[in-house]
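Visitor: Return atomic coordinates for the entry below.
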Amino acid sequence: MIRVTESPRFKRAYKHLVQGRPALEKTFRETLLLFIQDPYDPQLATHKLKGKLKESFAFSLTWKLRVVFSFGEPGTAILEDIGPHDKVY
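Guide: Numbering: from 1, shown residues only. As a prediction, the model looks like this:
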């Protein structure tokens with residue numbers, strides 16, 4: 001089990017993304033529970049990023065949406081950004 005925190009950037013992007021989309025908010029909550037249990041669960045398609053984000057990882061929220069995160073202290077993850085593939089990478 002991992003502890004999750006959210007960066008200010010993530011909070012703004014999340015608020016904008018789910019506004020008026022309760023089904024997406026529910027999908028995020030369900031996916032986040034899966035991530036907390038096992039950040040590398042195959043359903044998440046977690047992968048390490050390259051280039052300017054080489055210290056970060058991402059997992060899939062939907063077919064088009066990704067959550068970018070990094071590992072902090074042992075047992076913690078920081079959610080950094082959320083949005084479409086082309087926007088967050």
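
Visitor: Residues contacting stretch 8-28, please?
Guide: Residues outside stretch 8-28 that contact it (Cβ atoms under 8 Å, 6 or more residues apart in numbering) are E6, L61, T62, L65, L79, E80, D81, I82, G83. (Each C-beta comes from the backbone N, C-alpha and C, glycine too.)

Visitor: Can you get me a residue count around the third one?
Guide: Which is T62. 11 (other Cβ atoms under 10 Å).

Visitor: next one: the fifth one
Guide: By other Cβ under 10 Å, the residues close to L79 number 21.

Visitor: Identify the bridge partners of it.
Guide: The bridge-partner assignment for L79, based on DSSP bridges, gives E6, F69.

Visitor: Secondary structure of G20: a strand, I assume?
Guide: No: G20 sits outside any strand when classified using DSSP: H, G, I helix; E, B strand; the rest coil, being coil.

Visitor: Around it, how many other residues sit close by?
Guide: 6.

Visitor: count of residues packed around G72?
Guide: Other residues lying near G72 total 13 when counted by other Cβ under 10 Å.

Visitor: Next up, the contacts around L44.
Guide: L44 touches T31, L34, F35, F59, S60, counting by Cβ under 8 Å, 6+ apart.

Visitor: swap the cut-off to 6 Å and go again
Guide: Counting by Cβ atoms under 6 Å, 6 or more residues apart in numbering, L44 makes contact with F59.

Visitor: What score does it have for pLDDT?
Guide: Model confidence at L44, given as pLDDT, is 97.

Visitor: Which residues belonging to the helix or strand encompassing T31 are considered buried?
Guide: Assigned by DSSP states H and E, T31 falls within helix 22-37. Buried residues in helix 22-37, defined by neighbour count with 16 or more other Cβ atoms under 10 Å: L24, F28, T31, F35.
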